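Enquirer: following is a predicted model, sequence given first.
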Amino acid sequence: MVRIKKKKNSGAEIPTGSMADIAFLLLLFFLVATVIDVDTGIGLTLPEYQETQTDVVPLSKDRLAAVLVNENGDVLINKEIIAIPQIKGYLTDRIRSKITLPSNKKLVVSVKVDRKTNYNLYIQTLDQVRGAFNEVREEYSATTYGTNKFEELNEEQLKDVREKIPIIISIAEPEQIK
């Protein structure tokens, strides 16, 4: 009896000698090519620290716009319920009415949120408040200097617009409820 040996089918093999090199190069490529988004926070310009005690001057109710946001996203402006997208329109009218007054009579917007308020709601509220000031500044620039782009004004014109329409936002500390 004659035995026939079966040939082993080795099949197609993938050379794995350079697989580690390829994996390392791919890893290096994605590390270099990936852009990592870094949150920079809220760009707020804080007033300079003053060592001297300043007198507390009470604000009249016509100069103050109190914006309160609770944890559910409900907004109150001077005890009136309003939606977040309507803040800009409401404040724009109030800011416009104070343009001709001296700088110590301008509108002060106080933003106060609950400690449990969603951060996104807080940012949307601040955006609406700043948007109201910026809209009035652009309107003033258009009527006074003929351009509604605030950035295109020269230094003297910018100074005038900033004096007429100062951005005065007070971010109040949330109250701690026990």
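Expert: Arrived safely.
Enquirer: number of residues surrounding T117?
Expert: 19 (other Cβ atoms under 10 Å). For the C-beta atoms, the positions are set from N, CA and C on the backbone; glycine is no exception.
Enquirer: against V69, how distant is it?
Expert: 5 Å (Cβ to Cβ, to the nearest Å).
Enquirer: what's the answer for A12, then?
Expert: A12 is 65 Å from V69, by Cβ to Cβ.
Enquirer: among these two, which residue is more densely surrounded?
Expert: The residue with more neighbours, out of A12 and V69, is V69; 22 against 5, by other Cβ under 10 Å.
Enquirer: show me what the helix of greatest length in the chain is packed up against.
Expert: Scanning the chain for the longest helix, with DSSP state H as the assignment, gives helix 119-145. Packing partners of helix 119-145 (3 or more Cβ pairs under 8 Å, 6 or more residues apart in numbering; DSSP states H and E): strand 64-69, helix 87-96, strand 108-113, helix 155-164, strand 169-171.
Enquirer: quick one: closest of those to V136.
Expert: Comparing these against V136 with Cβ to Cβ, the closest turns out to be helix 87-96 (4.6 Å).
Enquirer: report the distance from that closest one to the chain centre.
Expert: 19 Å (Cα atoms, centre = their mean, to the nearest Å).
Enquirer: and stretch 80-94, by the same measure?
Expert: 17 Å.
Enquirer: mind listing what's buried in that stretch?
Expert: Going by neighbour count (16 or more other Cβ atoms under 10 Å), the buried part of stretch 80-94 is 82, 84, 87-88, 90-92, 94.
Enquirer: ok, stretch 155-166 next?
Expert: 158, 161, 164-165.
Enquirer: L126 - how many residues pack around it?
Expert: Close neighbours of L126, defined as other Cβ under 10 Å, add up to 19.
Enquirer: could you find the closest non-adjacent residue to V129?
Expert: Closest residue in space to V129, ignoring its immediate chain neighbours: V109 at 5.3 Å, by Cβ to Cβ, 6 or more residues apart in numbering.
Enquirer: mind checking the SS state of L101?
Expert: coil (DSSP: H, G, I helix; E, B strand; the rest coil).
Enquirer: S141: which of the buried residues of stretch 155-166 is nearest?
Expert: For those, the nearest to S141 is V161 (5.8 Å; Cβ to Cβ).
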